[in-house]
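# give me the fold of what follows.
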Amino acid sequence: MEPLADRWPARRAGGANDRVAAIVPCLEEETAIGPVVAALLGHGINEVIVVDGGSRDRTAERAAAAGARVIVEPRRGYGRALLTGLAAVERAADIILFMDGDGSDRPEMIPAVLAPIRSGAAGLVLGSRLQGEREPGSLLWSRVIAGWLAGRLLRLVYGVRCTDMSPFRAIRLAALTRLGMGEESFGWNLEMQMRAAGAGLRMVEVPVGQRRRAGGVSKVSGNLAISAKVAWVLAKTFLRLARTLRREAQPTRR
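Here you go, the predicted model:
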């Protein structure tokens with residue numbers, strides 16, 4: 001894949017004039033995806049890219065009907081879907097907004113997530129599902145534990161505080177390309193936070209709460225065995241990325 005930094009030159013911050021592209025990964029979310037796309041466009045998002053993981057239902061059809069540009073990425077992996085979406089973003093984009101396609105992210109919080117990026121107050125904005133209004137049953141304990149674990153590890157290694165690894169987040173495209181993202185699994189969000197912390201990018205959490213998903217089935221939670229596997233993979237991903245980032249930070253010896 002062409003390096004992202006080669007595709008988009010650095011652009012100056014434009015505040016309210018920034019063009020925002022949203023990337024929404026989904027798999028068999030036909031009930032939720034149409035309203036998600038409509039909400040994004042209704043909040044002034046300039047481009048909505050839905051990356052469909054090969055759904056067997058009408059997800060892709062309904063996303064396109066709602067106004068999204070749909071890209072089918074049959075290769076599995078949450079990070080792979082986001083990398084595919086990024087590769088399709090128009091060169092005119094200034095800010096990238098990430099949201100899930102299951103309807104659990106609250107679209108009314110889009111302005112709050114974008115505001116610190118637009119004003120220059122933050123380099124990466126993380127929507128915290130643990131803060132803000134949460135519907136009963138909207139956030140499984142496994143995700144709470146995953147966010148807690150990631151927060152502890154990030155504070156221990158990088159000295160930064162965060163409460164969640166929510167998919168609802170925003171970052172300037174120029175900053176994202178400099179991070180050198182490459183994780184193809186559900187460790188993508190963790191990688192972004194680790195690379196941003198290592199690069200000295202200011203991270204701000206915004207309370208966004210959570211709604212119950214509008215349809216479909218969670219791909220990474222729902223029973224004890226899967227939750228334990230997610231926590232184990234998360235810990236391994238953190239250790240692997242920490243080693244990778246340490247090597248990248250070392251000067252090359254001649």
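# how about the contacts made by the spatially most central residue of the chain?
For the chain, the residue lying nearest the average C-alpha position, counting by Cα atoms, centre = their mean, turns out to be Pro167 (3.9 Å). Pro167 sits next to Phe98, Met99, Asp100, Asp105, Asn189 when contact means Cβ atoms under 8 Å, 6 or more residues apart in numbering. Quick note: C-beta positions are derived from backbone N, CA and C, even for glycine.
# helix/strand/coil for the closest residue to the third one other than its chain neighbours?
Okay, so that is Asp100. Take Asp100 and drop its neighbours on the chain: the residue closest to it by Cβ to Cβ, 6 or more residues apart in numbering is Pro167, 4.9 Å away. Secondary structure, DSSP: H, G, I helix; E, B strand; the rest coil: Pro167 is coil.
# and whichever strand or helix holds Val113, what does it pack against?
Here Val113 sits within helix 110-119, counting by DSSP states H and E. If contacts are counted by 3 or more Cβ pairs under 8 Å, 6 or more residues apart in numbering; DSSP states H and E, helix 110-119 sits against strand 95-98, strand 124-128, strand 169-172, strand 203-207.
# other SSEs contacting the third one?
Looking back up the chat, that one is strand 169-172. Applying 3+ Cβ pairs under 8 Å, 6+ apart, one finds that strand 169-172 contacts strand 95-98, helix 110-119, strand 124-128, helix 188-198.
# state the mean pLDDT of the helix or strand just after it.
Under the assignment DSSP H and E, the closest C-terminal helix or strand after strand 169-172 is helix 173-179. In this model, helix 173-179 has a mean pLDDT of 95.
# Leu173 touches Ile96, doesn't it?
Yes - applying Cβ atoms under 8 Å, one finds Leu173 in contact with Ile96, separated by 5.4 Å.
# mutual contacts of those two, please.
Residues touching both Leu173 and Ile96 by Cβ under 8 Å, 6+ apart: Ala21, Val89.
# could you find the closest non-adjacent residue to Val204?
Val204 sits nearest to Ala122 (Cβ to Cβ, 6+ apart), 3.8 Å away.
# and what of Phe98?
Arg169 is the one closest to Phe98 (Cβ to Cβ, 6+ apart), at 5.1 Å.
# please apply the same query to Leu201.
Counting by Cβ to Cβ, 6+ apart, the residue nearest Leu201 is Gly123, at 3.7 Å.
# isn't the one you found right up against Ala196?
Yes - using Cβ under 8 Å, Gly123 makes contact with Ala196 at a distance of 6.7 Å.
# okay, the two: which has more neighbours?
Neighbour count, other Cβ atoms under 10 Å: between Gly123 and Ala196, Ala196 has more, with 23 against 19.
# mind checking how far Pro74 is from Asn189?
Between Pro74 and Asn189 the distance is 22 Å, computed by Cβ to Cβ, to the nearest Å.
# for those two, indicate the residue with more neighbours.
Asn189 (24 against 8).
# that one contacts Ser166, doesn't it?
Yes - Asn189 is within contact range of Ser166, at 7.5 Å (criterion: Cβ under 8 Å).
# picking that back up, what's the angle from the helix holding Val113 to strand 203-207?
When axes from the mean of the first three to the mean of the last three Cα atoms, to 10 degrees is applied, the directions of helix 110-119 and strand 203-207 differ by 160 degrees.
# what is the lowest-pLDDT residue among the contacts of Pro167?
Minimum confidence in the contacts of Pro167 sits at Asn189, scoring 91.
# show me the shaky parts of the stretch 151-254 of the chain.
Under the criterion pLDDT under 70, the flagged ranges of the stretch 151-254 of the chain are 215-224, 226-227, 251-254.
# next one: the stretch 1-150 of the chain
Under the criterion pLDDT under 70, the flagged ranges of the stretch 1-150 of the chain are 1-14, 142.
# hmm, back to that, tell me the contacts of the residue nearest to Val204?
Taking Cβ under 8 Å, 6+ apart as the criterion, Ala122 is in contact with Pro116, Arg202, Met203, Val204.
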